[in-house]
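*Asks:* Could you look at this predicted model? Sequence included:
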Amino acid sequence: MSEIPPGIDDSSGEPGGGWRLALLGVMALWIMVPVTLPVPVLRELVQERFDVSELATSFFMSINMVGALLAAPLAGAVADRLGRRRALLIGALFADALCFFALGAPVPFAIFLGIRFLEGCAHIVALSMLLALASHALPAPRRGRAMGLVGGGMMLGVALGAPLGGFVGRENPVAPLYLGAVLLLGAAVIAAVAVREFDAREERPGLSEILHVLRAHPAILVPLVFAFADRFTVGFFTTTFSFYLTRIHALSPGRVGLAIMAFMLPFALLSYPFGRLAERRSVVGLLCGGSVLYGIGTAGVGFVAPPALYGLMFAIGTTAAVMFVPSMLMTIRIAPDPIRTTALGAFNAAGSLGFIVGPVAGGAISQLVAQRSDWLTGYRAAFVTAGASELLCVAVALPILLASSRRGSRGAA
């Protein structure tokens, strides 16, 4: 067989394991590109197309997360019970592609949001299954690089989606939806042809057993809280940030996409290196230190104008990479193997809840403050709130993590 790419270990215990891990990273990229494809054309795609307010437009970026919140833990538990993660991955990708096609149809706004809800269900099932497959791809000491590679692929997909959506949607704001559908269909085909299920001899706990094990490991709540806070702030970047750039700085969809890419690109490219670093260093230190810097940078977004804003977004993306993989690693270290997919589903559900609240909170805060002052003040208040939430998360969680570390908890670094 041809040589494995540098930096990717063929340690899975079967031929071609390194290539299969690399393939999971590529699939993560393809799955996540559609997430931000609509963001640069959000005003044209939703607000102007359906003649709704900014707050109502924000629901487009939140309603799919409601579906994700409901579907993720249930899908994880079912996968742990049946052990059919590959089949669930393929089916979810096909369903997600169908929903993206349907979002381009001329339907009423209520039906449009209903389709978006179903799309969120399908997407989070696919993502949870992919993360579960990646978490079993390498032995425990090397899981940092496995999760870093897939996490980096996820973030690179999100980073590329925004500028690509701005380019494709210049003439037709619906075009990014069709591109997203094609990418998801391609990922489904790759999954059907090349992805392999891991060891089928693993334990198959019942749903009651899964709930019992989760109750026995309450420390799992800590990375879930971080997942919520992280996605809460990202929700501000997917909606409020786009409105801020177009309303205050009059940036074109392409420029909006580039600003988002400045945040997402270092996030994507540095996830794998920081994943490897987390194999040797404290996940608590990386998670909390990165979160503090990320929160401070996010709070300052409304006070910086282009072109300096691009540099700030790059710095924020770098700090996001520091904390991203450690939060996933903490989840799979705390969760026993038989319920790992359930734990990752819960991790995604907590993130989805943050993504539900984030865009709505950003829209509500900016609009309410703008009514009393002006839009610039409103956007500044929104991003200060987002950054403060990350700092609050660290202030609450750090004492718990340090106490667990001293007791030799499984959640320690």
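*Replies:* Sure thing, it's come through. Residues are numbered from 1 along each chain as shown.

*Asks:* starting at the chain centroid, how far to stretch 153-165?
*Replies:* A distance of 11 Å separates the centroid of the chain from that of stretch 153-165, by Cα atoms, centre = their mean, to the nearest Å.

*Asks:* pLDDT of it, averaged?
*Replies:* Here stretch 153-165 scores 83 as its mean pLDDT.

*Asks:* for stretch 58-76, same thing?
*Replies:* Stretch 58-76 carries an average pLDDT of 82.

*Asks:* List the buried residues for that stretch?
*Replies:* Neighbour-count burial for stretch 58-76 flags 58-73, 75-76 (criterion: 16 or more other Cβ atoms under 10 Å). Using the backbone N, CA and C atoms, a C-beta is placed for each residue, glycine as well.

*Asks:* what's the offset of that stretch from the middle of its chain?
*Replies:* Chain-centre distance of stretch 58-76: 12 Å, with Cα atoms, centre = their mean.

*Asks:* Output the below-cut-off pLDDT ranges for the stretch 1-150 of the chain.
*Replies:* Counting by pLDDT under 70, the stretch 1-150 of the chain shows low-confidence ranges at 1-18, 137-141.

*Asks:* Show me the buried residues of stretch 58-76 that map onto helices.
*Replies:* 58, 60-73, 75-76 (DSSP state H).

*Asks:* got the contact list for residue 398?
*Replies:* Residues in contact with residue 398 (Cβ atoms under 8 Å, 6 or more residues apart in numbering) are 284, 288.

*Asks:* how close does it sit to residue 376?
*Replies:* Between residue 398 and residue 376 the computed distance is 33 Å (Cβ to Cβ, to the nearest Å).

*Asks:* repeat for residue 316
*Replies:* 20 Å.

*Asks:* If you count surrounding residues, which of the two has more?
*Replies:* residue 316 (24 against 17; other Cβ atoms under 10 Å).

*Asks:* can you pull the pLDDT of the residue nearest to that one when sequence neighbours are not counted?
*Replies:* Closest residue to residue 316 apart from its sequence neighbours, by Cβ to Cβ, 6 or more residues apart in numbering: residue 297 at 4.0 Å. Note for residue 297: predicted pLDDT of 96.

*Asks:* doesn't residue 312 make contact with residue 297?
*Replies:* Yes. Between residue 297 and residue 312 there is a contact under Cβ atoms under 8 Å: 6.3 Å.

*Asks:* Please say which of those two ends up with more neighbours.
*Replies:* Shown here are residue 297 and residue 312; by other Cβ under 10 Å, residue 297 has more neighbours (23 against 19).

*Asks:* elements contacting the strand or helix carrying that one?
*Replies:* In the assignment (DSSP states H and E), residue 297 maps to helix 283-299. Counting contacts by 3 or more Cβ pairs under 8 Å, 6 or more residues apart in numbering; DSSP states H and E, helix 283-299 packs against helix 221-235, helix 253-278, helix 308-334, helix 375-406.

*Asks:* nearest to residue 184, of those helices?
*Replies:* Closest to residue 184 of these, according to Cβ to Cβ: helix 253-278, at 18.9 Å.

*Asks:* Now do the buried residues in that closest one.
*Replies:* Neighbour-count burial for helix 253-278, counted by 16+ other Cβ under 10 Å, picks out 253-272, 274-278.

*Asks:* List the contacts of residue 232.
*Replies:* Counting by Cβ under 8 Å, 6+ apart, residue 232 makes contact with 354, 355, 357, 358, 361, 386, 389.

*Asks:* Of those residues, which is the nearest to residue 195?
*Replies:* For these, the closest approach to residue 195 (Cβ to Cβ) belongs to residue 355, at 26.0 Å.

*Asks:* Let me see the mean pLDDT of the host helix or strand of the closest one.
*Replies:* Using DSSP H and E, the element containing residue 355 is helix 340-372. For helix 340-372, mean pLDDT is 85.

*Asks:* how many other residues sit next to residue 95?
*Replies:* Other residues lying near residue 95 total 18 when counted by other Cβ under 10 Å.

*Asks:* And the one 5 residues further on, by the same measure?
*Replies:* Here the number of neighbours of residue 100 (other Cβ under 10 Å) works out to 26.

*Asks:* surely it meets residue 33?
*Replies:* No. Using Cβ under 8 Å, residue 100 is not in contact with residue 33, being 11.1 Å away.

*Asks:* Now the common contact residues for these two.
*Replies:* Common neighbours of residue 100 and residue 33, using Cβ under 8 Å, 6+ apart, are residue 180.

*Asks:* if we can go back for a sec, of all the helices and strands packed on helix 283-299, which one is nearest residue 47?
*Replies:* Closest approach to residue 47 among the helices and strands packed on helix 283-299 (Cβ to Cβ): helix 253-278, 13.0 Å.

*Asks:* what angle do the closest one and helix 221-235 make?
*Replies:* Following axes from the mean of the first three to the mean of the last three Cα atoms, to 10 degrees, one obtains 160 degrees for the angle between helix 253-278 and helix 221-235.

*Asks:* for helix 253-278, what is the average pLDDT?
*Replies:* Computed over helix 253-278, the mean pLDDT rounds to 84.

*Asks:* check contacts around the closest residue to residue 365 other than its chain neighbours.
*Replies:* Distances taken as Cβ to Cβ, 6+ apart place residue 382 nearest to residue 365, at 4.4 Å, with adjacent residues excluded. The neighbourhood of residue 382, defined by Cβ under 8 Å, 6+ apart, consists of 236, 240, 302, 361, 362, 365, 366, 369.

*Asks:* which residues touch the last one?
*Replies:* Which is residue 369. So residue 369 contacts 377, 378, 381, 382 (Cβ under 8 Å, 6+ apart).

*Asks:* Report the two of those separated the most.
*Replies:* The span of the contacts of residue 369, defined through Cβ to Cβ, is set by 377 and 382 at 9.8 Å.

*Asks:* Please report the number of neighbouring residues for residue 182.
*Replies:* Applying the criterion other Cβ under 10 Å, we find 14 residues in the vicinity of residue 182.

*Asks:* Look up phi and psi at it.
*Replies:* Backbone torsions of residue 182, given as degrees, to the nearest 10, read phi -60, psi -40.

*Asks:* Excluding covalently adjacent residues, which one is nearest to it?
*Replies:* Leaving aside its sequence neighbours, residue 182 sits nearest to residue 97 (Cβ to Cβ, 6+ apart; 7.7 Å).

*Asks:* so which helix or strand takes in that neighbour?
*Replies:* Element membership of residue 97 [criterion: DSSP H and E] is helix 85-103.
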